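Undergrad: I need the structure of the sequence given here:
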Amino acid sequence: MPLQKQSKVAIVGAGSVGTSLAYACLIRGVAREITLYDIDTKKVEAEVLDLAHGTQFTGSSVMTGSSDITTVAGADVVIITAGAKQKPGQTRLDLVGVNVGILESLMPKLVELAPDAVFVLVTNPCDVLTVVAQRISGLPPGRVISSGTVLDTSRLRWIIAKLAGGLAPTSVHATIVGEHGDSEFALWSQATIGPIPILDWERDGERPFTEETLESITHDVRTAAYKVIEGKGATNYAIGLSGARIAEAIINDEHAIMPVSTLLQGQWGIDDVAISTPVIVSAKGVERILDTPMSPSELEKFLASAEEIRSTVRSVS
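TA: Numbers count the residues shown, from 1 in each chain. Modelled structure (predicted):
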């Protein structure tokens with residue numbers, strides 16, 4: 001799809017996630033301009049230079065950025081990655097205090113400079129920070145969202161595709177919902193491979209997916225980030241691609257269905273909690289929250305996950 005004229009994505013934070021996101025946005029040609037902001041002048045200028053040197057090979061995107069926050073002015077999408085990094089052994093919710101403080105400082109300036117933008121939180125705990133950011137900004141809930149379980153869902157589909165016989169992950173239709181964290185879970189009641197319910201999928205005359213297998217897959221998805229962090233210190237490439245894909249759906253007004261985290265307003269009896277569930281993503285941000293069917297046990301897990309987020313939000317309110 002051709003780029004919208006003068007489209008602009010601003011990325012806040014030039015750490016491993018922010019720079020991977022900028023790189024993914026360039027490679028995918030997400031917007032006419034990609035800009036990177038960070039308070040570390042030397043670091044951000046070096047990253048921008050390195051990325052800009054490759055723009056001959058990335059189509060028509062322009063790479064800009066600096067330690068001056070005005071570089072985000074007029075952005076269509078602002079993606080916030082700035083914050084304390086998750087360390088080995090830490091949960092995402094452990095990061096809440098420091099990152100709420102950073103957000104309280106940043107958000108008013110960002111809204112002033114990009115008043116019409118959709119804001120996408122990638123910083124963890126992203127569900128909690130989405131609630132905080134929406135309260136600070138006063139923007140409509142659909143315009144303050146987070147990457148939620150978009151990456152977790154990609155991890156899920158990759159594992160299923162491998163076990164199903166090396167299929168393309170795009171042929172797997174399964175979703176992780178709930179908190180982007182330890183209480184997330186897969187909506188197995190709705191999962192299919194192509195048109196076939198996952199428990200009915202056959203490979204070499206056998207059915208590789210059992211209830212036990214599904215539970216093991218969920219565990220692997222839930223702990224995937226910890227494994228990556230333990231080995232290399234951070235997750236960055238896959239979340240960069242995930243964030244770029246969300247920005248792309250917004251910039252191009254795609255009306256794509258994604259499990260981003262957004263503030264619920266009465267759905268499933270939940271209010272004032274940002275949580276991941278399938279929604280329609282367009283130029284408005286979250287245009288509509290889908291009434292996704294859940295089994296009784298899934299709904300119970302979903303409500304418990306929402307309460308986990310709510311209790312953390314209360315601790316910083």
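Undergrad: for the stretch 51-200 of the chain, give me the ranges with low pLDDT.
TA: Where the stretch 51-200 of the chain drops to pLDDT under 70, the residues are 86, 90-93.
Undergrad: how close does residue 170 get to residue 161?
TA: According to C-beta to C-beta, to the nearest Å, residue 170 stands 8 Å off from residue 161. Every residue, glycine included, has its C-beta placed from N, CA and C.
Undergrad: between those two, who's got more neighbours?
TA: Each of residue 170 and residue 161 has its neighbours counted (other C-beta atoms under 10 Å); residue 161 has more, 18 against 8.
Undergrad: let me see the contact set for the more buried one.
TA: By C-beta atoms under 8 Å, 6 or more residues apart in numbering, residue 161 lies in contact with 167-169, 171-172.
Undergrad: again, but for residue 148
TA: Counted by C-beta under 8 Å, 6+ apart, residue 148 has contacts 126-127, 180, 259-262, 275-276.
Undergrad: that's a strand at it, yeah?
TA: No: Residue 148: not assigned to a strand; according to DSSP: H, G, I helix; E, B strand; the rest coil it is coil.
Undergrad: tell me the buried residues in the helix or strand residue 103 falls within?
TA: Using DSSP states H and E, residue 103 maps to helix 96-113. By 16 or more other C-beta atoms under 10 Å, the buried positions in helix 96-113 come out as 96, 99-100, 102-103, 106-107, 110-111, 113.
Undergrad: what packs against that helix?
TA: When contacts are defined as 3 or more C-beta pairs under 8 Å, 6 or more residues apart in numbering; DSSP states H and E, helix 96-113 packs onto strand 77-80, strand 118-121, helix 126-137, helix 296-316.
Undergrad: burial count for residue 116?
TA: 10.
Undergrad: okay, and it sits in which element?
TA: Per DSSP H and E, there is no helix or strand for residue 116.
Undergrad: do I have it right that it meets residue 76?
TA: Yes: if you go by C-beta atoms under 8 Å, residue 116 and residue 76 touch, sitting 7.4 Å apart.
Undergrad: residues in contact with the closest residue in space to residue 164 that isn't next to it in sequence?
TA: Closest residue to residue 164 apart from its sequence neighbours, by C-beta to C-beta, 6 or more residues apart in numbering: residue 193 at 5.4 Å. Neighbouring residues of residue 193 by C-beta under 8 Å, 6+ apart: 160, 164, 167, 171-173, 201.
Undergrad: swap the cut-off to 6 Å and go again
TA: 164, 172, 201 (C-beta atoms under 6 Å, 6 or more residues apart in numbering).
Undergrad: related to what we said a few turns ago, quickly compare the helices and strands packed on helix 96-113 and say which is most buried.
TA: Mean neighbour count, computed with mean count of other C-beta atoms under 10 Å, is highest for strand 118-121 among those, reaching a mean of 29.
Undergrad: tell me where the chain has helices.
TA: Here the chain has its helices, by DSSP state H, at 16-28, 41-52, 96-113, 126-137, 150-163, 211-232, 237-251, 296-316.
Undergrad: out of those helices, the one nearest residue 143 is which?
TA: Counting by C-beta to C-beta, residue 143 lies closest to helix 126-137 out of the helices of the chain; the figure is 8.2 Å.
Undergrad: quick one: contacts of the closest one?
TA: Applying C-beta under 6 Å, 6+ apart, the contact partners of helix 126-137 are 96, 100, 103, 107, 111, 121, 123, 141, 144, 146, 179-180, 261, 263, 274-275, 309, 312-313.
Undergrad: the same query, at a cut-off of 7 Å, please.
TA: Helix 126-137 is touched from outside by 96, 99-100, 103-104, 107-108, 111, 119, 121, 123, 141, 144-148, 179-180, 261, 263, 272-275, 309, 312-313, 316, with contacts defined as C-beta atoms under 7 Å, 6 or more residues apart in numbering.
Undergrad: which residue would you name as the spatial centre of the chain?
TA: residue 147 (1.5 Å; C-alpha atoms, centre = their mean).
Undergrad: I'd say that residue and residue 245 touch.
TA: No: between residue 147 and residue 245 there is no contact under C-beta atoms under 7 Å: 9.3 Å.
Undergrad: who wins for proximity to residue 69 among the helices of the chain?
TA: The nearest among the helices of the chain, by C-beta to C-beta, is helix 96-113 at 5.6 Å.
Undergrad: what angle separates that closest one from helix 126-137?
TA: 40 degrees (axes from the mean of the first three to the mean of the last three C-alpha atoms, to 10 degrees).
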